[in-house]
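K.L.:
requesting a structural model of the entry that follows:
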Amino acid sequence: MRVLIADKLPASAVTQLEEAGLQVRIQPDLKEESLTDAISSESPQVLVVRSTKVRADMLAGGSLGLIVRAGAGYNTIDVAAASEAGIFVANCPGKNSLAVAELALGLLISADRQIPAANADLRAGIWSKGRFAKARGLAGRCMGVIGGGRIGLAVAERALALGMRVLVWNIPGEGAEERAALIGAEFEPDLDTLLTQVDAVSLHLAENEHTRRMANREFFSKLKEGAIFLNTSRAGLVDEQALLWALDNRGLRAGLDVFEGEGTGSSGELDCALVRHPSVFATPHIGASTDQAQEAVAEEAVRIILSYQGSGEVPNVVNLARKSPASHLLIVKHRNRVGVLSAVFDGLREADINVEETENIVFAGAKTNVARIALTSAPNQALLAKLGEDNQNILDLKVVPITH
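P.N.:
Prediction:
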């Protein structure tokens, strides 16, 4: 199996893959057309990426079976195109949670104490104690965490350790209320109520059509004057013009690790009005970039690839149908003989009934099996009778409706 790694990955991960017998090609500088050419010419079965974008046109005509995003999010991959091409997409969730949470807390404290600005003055030979001795302090303040996943709750735990009261909001029905209670945070089901209470707020949501630019002018208008706003998740969650307005008109301070138009490589230039604002404390998208996080992500990427190699199963797959279109289940008890199921599939094909999923369970001794075949419609009694009569190795046939 050929693996193409199109971003940086620790050497230990490469060694593990090679020791498992995989052919590994490391080309961390592949981008755009060069990545398209590499997928076409080298025909890898597995592609590993971090920040590199994977477009639909890159997937055409290749032999890819799996794309691994060596990180939590996967918005840089055209998942819909991968699904249409029958390519698994998997991510490595939770492996960089602590690294991002640590940076979020660093930005929070930096915004409160103005640490970067104070350090810059000292480096320039300027003693500005009077200017920087006016922090509000964080103990006893209220911290809002928007997003109750692994990273959001890791931030909440660390804010609690600072003596802050923590309110967590999350999309309903995802279990965040129980998870928040376990760490001693409060769950607030109404986002507007949370915004009006907090002294600082941190975003930890995936970017999608429901969350894109959710931090808009209305959002910032609800925050207290002088509140601290943190974003270490996705730039697309924020209307940057609205944030600039809030910085100028409501005294907000911001700690940011992500920006619109940010670079994709390890160096370059950035033209962004936000980072030039004196009330912004910023880092160049380094939230997940600690040695601990990168090693954990790499280990998870290796686990996914080796599982795919050994069994075809893909841990953390993100693009399987949540709800099968199948409406009925055909259960076939049969002797373990060659050609039994192929005869069943032939009969279903002639009846124009599509098979969505199938599972064949072998009993101890390997004499008898039970096949469960998910179908788009129910076979009629005539077809069932014909299948049973034509093959003496079929012991029983029955159809049950699938309840979703």
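K.L.:
may I see the buried residues of stretch 327-340?
P.N.:
Using 16 or more other Cβ atoms under 10 Å as the test for burial, stretch 327-340 gives 328, 329, 330, 332, 334, 340. No exception for glycine: its C-beta is placed from N, CA and C like everyone else's.
K.L.:
tell me which residues are up against that stretch.
P.N.:
Identification of contacts with stretch 327-340 by Cβ atoms under 8 Å, 6 or more residues apart in numbering yields 341, 344, 348, 362, 366-379, 391, 393-402.
K.L.:
kindly recompute the last result at 7 Å.
P.N.:
Here stretch 327-340 makes contact (Cβ atoms under 7 Å, 6 or more residues apart in numbering) with 344, 362, 366-379, 391, 393-402.
K.L.:
just stretch 272-288 next, same as before
P.N.:
Contacts for stretch 272-288 (Cβ under 7 Å, 6+ apart): 71, 96, 99-100, 103, 107, 110-111, 116, 232, 240, 243-244, 247, 252-259, 261-262.
K.L.:
which of those residues fall within helices?
P.N.:
Counting by DSSP state H, the contacts of stretch 272-288 place 99, 100, 103, 107, 110, 111, 116, 240, 243, 244, 247 in helices.
K.L.:
any chance of these in a markdown table, plus neighbour count?
P.N.:
Converted to a markdown table, the ones in helices among the contacts of stretch 272-288 look like this (neighbours: other Cβ atoms under 10 Å):
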| residue | neighbour count |
| --- | --- |
| 99 | 23 |
| 100 | 25 |
| 103 | 21 |
| 107 | 29 |
| 110 | 20 |
| 111 | 25 |
| 116 | 15 |
| 240 | 17 |
| 243 | 25 |
| 244 | 18 |
| 247 | 20 |
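K.L.:
which one of those residues is nearest residue 296?
P.N.:
residue 99 (8.8 Å; Cβ to Cβ).
K.L.:
related to what we said a few turns ago, want to throw the ones in helices among the contacts of stretch 272-288 into TSV with pLDDT and distance to residue 308?
P.N.:
What follows is these, written out as TSV (pLDDT from 0 to 100; distance: Cβ to Cβ, whole Å):
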residue	pLDDT	distance to residue 308
99	94	26
100	94	27
103	97	31
107	97	37
110	96	41
111	95	43
116	93	43
240	96	39
243	97	41
244	97	45
247	97	46
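K.L.:
next, give me the two most distant ones among those.
P.N.:
Maximum pairwise distance in the ones in helices among the contacts of stretch 272-288, criterion Cβ to Cβ, is 28.0 Å, between 99 and 244.
K.L.:
and the longest helix for the protein?
P.N.:
Taking DSSP H as the criterion, the chain has its longest helix at helix 291-311.
K.L.:
for the stretch 1-150 of the chain, which segments count as strands?
P.N.:
Ranges of strands in the stretch 1-150 of the chain, per DSSP state E, counting those that start in this stretch, are 2-5, 23-26, 46-49, 66-69, 88-91, 142-146.
K.L.:
got the confidence number for residue 331?
P.N.:
The score at residue 331 is 95. That number is its pLDDT.
K.L.:
what do you get for residue 272?
P.N.:
At residue 272, the pLDDT value in this model is 84.
K.L.:
same question, residue 264
P.N.:
Listed pLDDT for residue 264 reads 63.
K.L.:
got the domain boundaries for this protein?
P.N.:
As given by automatic domain parsing, the domain ranges for the chain are 2-95+292-311, 97-287, 328-401.
K.L.:
between these, which one is closest to residue 322.
P.N.:
Among these, domain 2-95+292-311 sits nearest to residue 322 (Cβ to Cβ), with 12.0 Å.
K.L.:
need the strands of the stretch 1-150 of the chain in TSV with distance to residue 199 and mean pLDDT, can you?
P.N.:
Listed next are the strands of the stretch 1-150 of the chain as TSV, based on distance: least, Cβ to Cβ, whole Å; pLDDT from 0 to 100:
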stretch	distance to residue 199	mean pLDDT
strand 2-5	43	95
strand 23-26	46	94
strand 46-49	38	96
strand 66-69	34	96
strand 88-91	33	96
strand 142-146	5	98
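K.L.:
want to throw the ones you listed into JSON lines with distance to residue 386?
P.N.:
JSON lines is the format used below for these (distance: least, Cβ to Cβ, whole Å):
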{"stretch": "strand 2-5", "distance to residue 386": "45"}
{"stretch": "strand 23-26", "distance to residue 386": "48"}
{"stretch": "strand 46-49", "distance to residue 386": "43"}
{"stretch": "strand 66-69", "distance to residue 386": "40"}
{"stretch": "strand 88-91", "distance to residue 386": "37"}
{"stretch": "strand 142-146", "distance to residue 386": "59"}
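K.L.:
circling back: can I get the domains of the chain in JSON lines with distance to residue 319?
P.N.:
Below are the domains of the chain laid out as JSON lines (distance: least, Cβ to Cβ, whole Å):
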{"stretch": "domain 2-95+292-311", "distance to residue 319": "5"}
{"stretch": "domain 97-287", "distance to residue 319": "14"}
{"stretch": "domain 328-401", "distance to residue 319": "16"}
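K.L.:
count the residues that sit near residue 44.
P.N.:
23 (other Cβ atoms under 10 Å).
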